[in-house]
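> Need coordinates for the below:
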Amino acid sequence: MGRFDGKVALVTGAARGIGQATALKLAAEGADIALCDLRKEWIEDTESKVRALGRRAESFAMNVAVGDDVTRAVGEVEKAFGRIDVLINNAGITKDGLLMRMAEEDWDNVLEINLKGTFLCTKAVSRIMMKQRSGAIVNVASIIGLIGNAGQCNYSASKAGVIALTKSVAKELAARNIRANAVAPGFIATKMTDELSDDVKKQMLDNIPLKRFGSPDDVANVIAFLAGDEAAYVSGQVVTVCGGMVT
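Numbering: from 1, shown residues only. Okay, here's the model as predicted:
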C-alpha cells in the first residue's frame, strides 16, 4: 500500500528537475499523475518513467501565466481523472540581472510565471478540491524568497510572493479540509549548477553547512511528506530544503 493510492496529483513544470523528481516520487507511492508543462513533448520522458512505475500518467500542455489556458488544462485533467487530490505548483523561470540593468520585460515574465502562475493554478484546482472537501497544495518557493539575492530581485520577489500566497490560501481553504504549504529549496544540483565554475561552486558550498548541493530528490521527499496524510495537521508552513543554509 502506497500513501497516495487512489489519489491523483497534478504537477506543473514536470519536464525535469524538481518537477520530474516529484512526479516520480508520488507515482512510486501510488499516485496517478497529471503532468503539465508548456509543451507536451517536453513531458514525454517523465510520462514514460511514471508509467514504468505502473501508474497512470497523462500529459497536458499549459501556460501557467495565462488564465484561460490554465482553466482549459485543469478542466481536461478533471475530465480525464475525475478528481485532483494533490497540486504541486513547481513551474518557474529565472531571468537574472542587476536591478539597474533589468529589463521591465524580464521582471514581468518572472512574476507572471512564478507568482501569477501559482495563483492561477491554485485558483483553478482549488475549485475542484472544494467540491471534494479535501486536497493538498504544495508550492515550490525558494530560500531566495526568504533572504534575497543580488541579481535576482525579480526572482526573489516572485518567490516571496509565493510564500505569502501560500499562507493566505492555507487560511482561506482550511474550512474545506484543503492544506497549503511551501518548500523553499536552496542550491539544488541541476544543469545550471553543473555549468558553474569551480570557484563559484566553492563559494556556494562554503555557505552550506552540509557541504553539498541538494538533489531534486531531496526536495521531492519533503514535497511528498507535505502532500501526504502524515502532514494532515500541517498547513501554511514553509519548509526550507537547503542543507542548513537558512536557519
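
> what residue ranges in this structure are flagged as low confidence?
Scanning the chain with the threshold set as pLDDT under 70 gives 192-193, 195-196.

> who does the strand ranked longest in the chain pair up with?
Ranked by residue count under DSSP state E, the longest strand found in the chain is strand 178-185. Partners of strand 178-185 in the sheet, by DSSP bridges, are strand 135-140 (parallel), strand 238-241 (parallel).

> Please identify the deepest-packed of those strands.
Neighbour counts (mean count of other CB atoms under 10 Å) averaged over each of the strands paired with strand 178-185 peak at strand 135-140, with a mean of 26. For the C-beta atoms, the positions are set from N, CA and C on the backbone; glycine is no exception.

> Please, where are all the strands along this structure?
8-12, 32-37, 57-61, 86-89, 135-140, 178-185, 238-241.

> how about the longest one as CSV, C-alpha atoms only?
Which is strand 178-185. Extracted in CSV, the C-alpha atoms of strand 178-185 (Å, rounded to 0.1, in the frame of the first residue of the first chain):
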residue,chain,number,x,y,z
ILE,A,178,-7.6,21.8,2.0
ARG,A,179,-4.0,22.3,3.1
ALA,A,180,-1.4,24.6,1.5
ASN,A,181,2.3,24.6,2.3
ALA,A,182,5.5,25.6,0.5
VAL,A,183,9.0,24.2,0.2
ALA,A,184,11.9,26.6,-0.1
PRO,A,185,14.8,24.8,-1.8
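
> chain center to that strand, what's the gap?
Relative to its parent chain, strand 178-185 has a centroid offset of 9 Å by CA atoms, centre = their mean, to the nearest Å.

> Relative to A175, how far out is the spatially most central residue of the chain?
The residue lying closest to the centre of the chain (CA atoms, centre = their mean) is N90, at 2.2 Å. Remark: distance between N90 and A175 (CB to CB, to the nearest Å) = 26 Å.

> which helices and strands sit right next to the longest helix anywhere in the chain?
When the chain is parsed with DSSP state H, its longest helix is helix 153-173. Here helix 153-173 touches helix 104-111, helix 117-132, strand 135-140, helix 144-147, strand 178-185, going by 3 or more CB pairs under 8 Å, 6 or more residues apart in numbering; DSSP states H and E.

> Quick check: which of the ones you listed is nearest to D194?
With distances scored as CB to CB, the stretch of the helices and strands packed on helix 153-173 nearest to D194 is strand 178-185 (16.3 Å).

> and that closest one with helix 117-132, angle?
150 degrees (axes from the mean of the first three to the mean of the last three CA atoms, to 10 degrees).
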